[in-house]
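In: pasted the sequence and its predicted model underneath.
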Amino acid sequence: MKAALLHRIKDIRLEEIEKPAFAPDEVLVRIKSVGVCGSDVTYFVQGHIGNQIVTAPHILGHECSGEIVETGSEVRGIERGARVAIEPGIPCGRCPSCRKGYYNICPEGRFLGTPPVPGAYREYISYPTDFIFPLPSGIGYDEGAMIEPLAVAVHAVDLGNVQNGDSVAILGAGSIGLLTLQCAISAGAAFSLTTDLIPERLRLAKKYGADVVINAGKEKVIPRIKEKTEGQGVDIVFDAAGEAETFQQSIHIVRPGGTVVLIGICREDMVSLDFQTARRKELVIKNVRRFRHTYKRAISLVAKGKIEVKSLITHRFDLPRLPEAFELVEGRRDGVIKAVIEI
């Protein structure tokens, strides 16, 4: 089968590798669509995320959907030809975190595309059925690949505990930010603001229901949000940009007693915090680590038309053009929001 392997920084090669075997409790999936995630691009341009380092030729990719082409002898309830989304994390199921239901922070968990676990930029993958989710007839493969980032957004809004009438700010209007905006509104947020540097993204934020959009390259974010909230700040901030600057903005634009939810992955390992402001406000600061128990809900939200994912897909590439897709996303060119690799 064909696979795209990252050999070193900005060096991806399309190669022929052996098709994977599958266990009795697994299925073999023909990958159809894989979304380009910011973490993929970080590995592409830096070779690592924190202490997770690419040390050998490695397959990236984890936002994926496909068709089941073979089933193991012990597999029941799912047949060949089924169209599915793949939840990309496989926890150990035995550690204290897993036993308490927090399988997303399992220290022994394996996650597609995170070294050394090979990811989804390949034609076939074998996978346990516990993390395979059938797609309703109205959801295509590209939309199926969007279930993974939507699952992140659903989890983030869960952590933020959005209630009816809350005000929210979403910093960063990439795919995760725009999905978080939609989820927050669906959960009952009555007033929402969104910031970004790219006009096309802000136009989509307005389309999805943002009351106020702010171009952070042309306006001062903190004074503008204070102005729009009568000096109080918002109830909940979702930082989907993952920048040191937006982290600091979060502290200043949330109201006293409010909540800051950090979604984006900052490329810097150490980031300063305005501790005194955070302390005086008695803020709750939460970090998002992927997701847990949200895949079925995410699929249902799309199937019922409550969350729109299709219009977030702005660019499509085939597998040989994966480096081009990465370069596009890294440079945030051509109004890109979500690039998808169709295999």
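Out: Happy to help now that I have it.
In: what about the strands in the stretch 101-250 of the chain?
Out: For the stretch 101-250 of the chain, applying DSSP state E, counting those that start in this stretch gives strands covering 110-111, 124-128, 132-134, 167-171, 191-196, 212-215, 234-239.
In: winner for burial among those strands?
Out: Across these, averaging neighbours per residue (mean count of other CB atoms under 10 Å) puts strand 167-171 on top, at a mean of 30. Heads up, the C-betas are built off the backbone N, CA and C, glycines and all.
In: and that strand, which strands flank it?
Out: Note on strand 167-171: by DSSP bridges, its sheet partners are strand 191-196 (parallel), strand 234-239 (parallel).
In: in CSV, list those along with distance to M146 and mean pLDDT.
Out: Output for the strands paired with strand 167-171, formatted as CSV (distance: least, CB to CB, whole Å; pLDDT from 0 to 100):
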stretch, distance to M146, mean pLDDT
strand 191-196, 19, 98
strand 234-239, 18, 98
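In: out of the ones you listed, the one nearest V162 is which?
Out: Closest to V162 of the strands paired with strand 167-171, according to CB to CB: strand 234-239, at 6.2 Å.
In: show me which positions of whichever helix in the chain runs longest end up buried.
Out: Longest helix in the chain, counting residues (DSSP state H): helix 147-160. By 16 or more other CB atoms under 10 Å, the buried positions in helix 147-160 come out as 147-160.
In: what about it, average pLDDT?
Out: Regarding helix 147-160, the rounded mean pLDDT is 98.
In: helices and strands around it, which ones?
Out: strand 63-71, helix 175-186, strand 234-239, strand 254-262, helix 295-303 (3 or more CB pairs under 8 Å, 6 or more residues apart in numbering; DSSP states H and E).
In: turn those into JSON lines, including distance to G209.
Out: Below are these laid out as JSON lines (distance: least, CB to CB, whole Å):
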{"stretch": "strand 63-71", "distance to G209": "24"}
{"stretch": "helix 175-186", "distance to G209": "5"}
{"stretch": "strand 234-239", "distance to G209": "14"}
{"stretch": "strand 254-262", "distance to G209": "19"}
{"stretch": "helix 295-303", "distance to G209": "14"}
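In: most tightly packed of the ones you listed?
Out: Mean neighbour count (mean count of other CB under 10 Å) peaks for strand 234-239 among the helices and strands packed on helix 147-160, with a mean of 28.
In: picking up where we left off before, of the strands paired with strand 167-171, which is nearest I176?
Out: Nearest to I176 among the strands paired with strand 167-171 is strand 234-239; the distance by CB to CB comes to 8.9 Å.
In: can you give the contact residues for the closest one?
Out: Residues from elsewhere that reach strand 234-239, judged by CB atoms under 8 Å, 6 or more residues apart in numbering: 156-157, 160-162, 166-172, 177, 180, 184, 189, 191, 193, 225, 246-247, 249-250, 253-255, 258-264.
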